[in-house]
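> below are the sequence and a predicted model for it; my questions follow.
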Amino acid sequence: MGKPYSVLVVDDHPLLRRGICQLITSDSDFRLFGEAGTGLDALTAIGEDEPDIILLDLNMKGMSGLDTLNAMRQEGVTARIVILTVSDAKQDVIRLLRAGADGYLLKDTEPDLLLEQLKKAMLGHRVISDEVEEYIYELKNADNDETWIASLTPRELQILKELAEGKSNRVVAEDLHISEGTVKVHVKNLLRKANAKSRTEMAVRYLNH
């Protein structure tokens, strides 16, 4: 699947950010793509290249985690974005997942479990801390219109099936013998057609249609 997975850590608390970075580098399945203390720094960090996963704090000074997430999705960032926060507020969980987050984890998560959850995210699963998981049922019936699948080209359908298996852009490109840039263009088109904010949301809807 193209391990080790690259991770960008975005948090405005230097001590906590350093600890998360050390945890990431302690597992050979991951490598540190970089770290950022603000949303703007995060957007700059992914200007040229994208990590596989962006671990994003919610309550940051300046650009909030929600602002940063919205900006990233509007820029066409297709990385898996997992929120790591102290907030277990229902409105935060729903707002972030609707905005295109691929997961919502609380900062009191055990370190080993956090790493396991990030691996699950890379396999295409939506990862949610147990304490707030009940809130996602309100998202279930948000959009049952799956007519977009019938509108896909054969190549788009081929790529969607690969994404549904949790494959990264890099691995899809290798499997289909096309460039990673071409895959990214197709992913953006798929997200637009599906009216989805994240590849995880799109894959879940495809698998359940």
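Arrived safely. Predicted, not measured: the structure shown is a model, and the values here were computed from it.
> now do the one helix or strand residue 119 maps to: which elements does it pack against?
If you go by DSSP states H and E, residue 119 is part of helix 111-122. The contact analysis (3 or more Cβ pairs under 8 Å, 6 or more residues apart in numbering; DSSP states H and E) places helix 111-122 against strand 5-10, helix 14-25, strand 53-56, strand 80-85, strand 103-106, strand 127-128. (C-beta placed from N, C-alpha, C; glycine too.)
> just give me the residue right at the centre of the protein.
Taking Cα atoms, centre = their mean, the centroid of the chain lies closest to residue 80, which sits 1.9 Å from it.
> thought it was touching residue 52?
Yes. In this structure residue 80 lies within contact range of residue 52 using Cβ atoms under 8 Å: 6.6 Å.
> list residues touching both of these two?
residue 122 (Cβ atoms under 8 Å, 6 or more residues apart in numbering).
> tell me the angle of the helix holding residue 119 relative to strand 80-85?
In terms of direction (axes from the mean of the first three to the mean of the last three Cα atoms, to 10 degrees), helix 111-122 departs from strand 80-85 by 150 degrees.
> helix 111-122: how far from the chain's middle?
Remark: helix 111-122 is offset 13 Å from the chain centroid, using Cα atoms, centre = their mean, to the nearest Å.
> and the longest helix for this protein?
In the chain, with assignment by DSSP state H, the single longest helix is helix 180-194.
> need the residues that contact it.
When contacts are defined by Cβ under 8 Å, 6+ apart, helix 180-194 is touched by residues 76, 78, 148, 151-152, 155-156, 159-160, 163, 169-170, 172-173, 176, 196-199, 201-202, 205-206.
> what pLDDT does the residue nearest to the centre of the chain get?
pLDDT, residue 80: 93.
> show me the contacts for it.
Going by Cβ under 8 Å, 6+ apart, residue 80 touches 52-54, 102-103, 121-122, 198-200.
> got TSV for these, with distance to residue 42 and neighbour count too?
Below are these laid out as TSV (distance: Cβ to Cβ, whole Å; neighbours: other Cβ atoms under 10 Å):
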residue	distance to residue 42	neighbour count
52	15	23
53	12	25
54	7	27
102	16	24
103	16	25
121	17	23
122	19	24
198	16	23
199	19	25
200	19	25
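> closest to residue 11 among these?
residue 54 (11.2 Å; Cβ to Cβ).
> and the closest one, what does it touch?
7-8, 10, 42, 46, 72, 77, 79-82.
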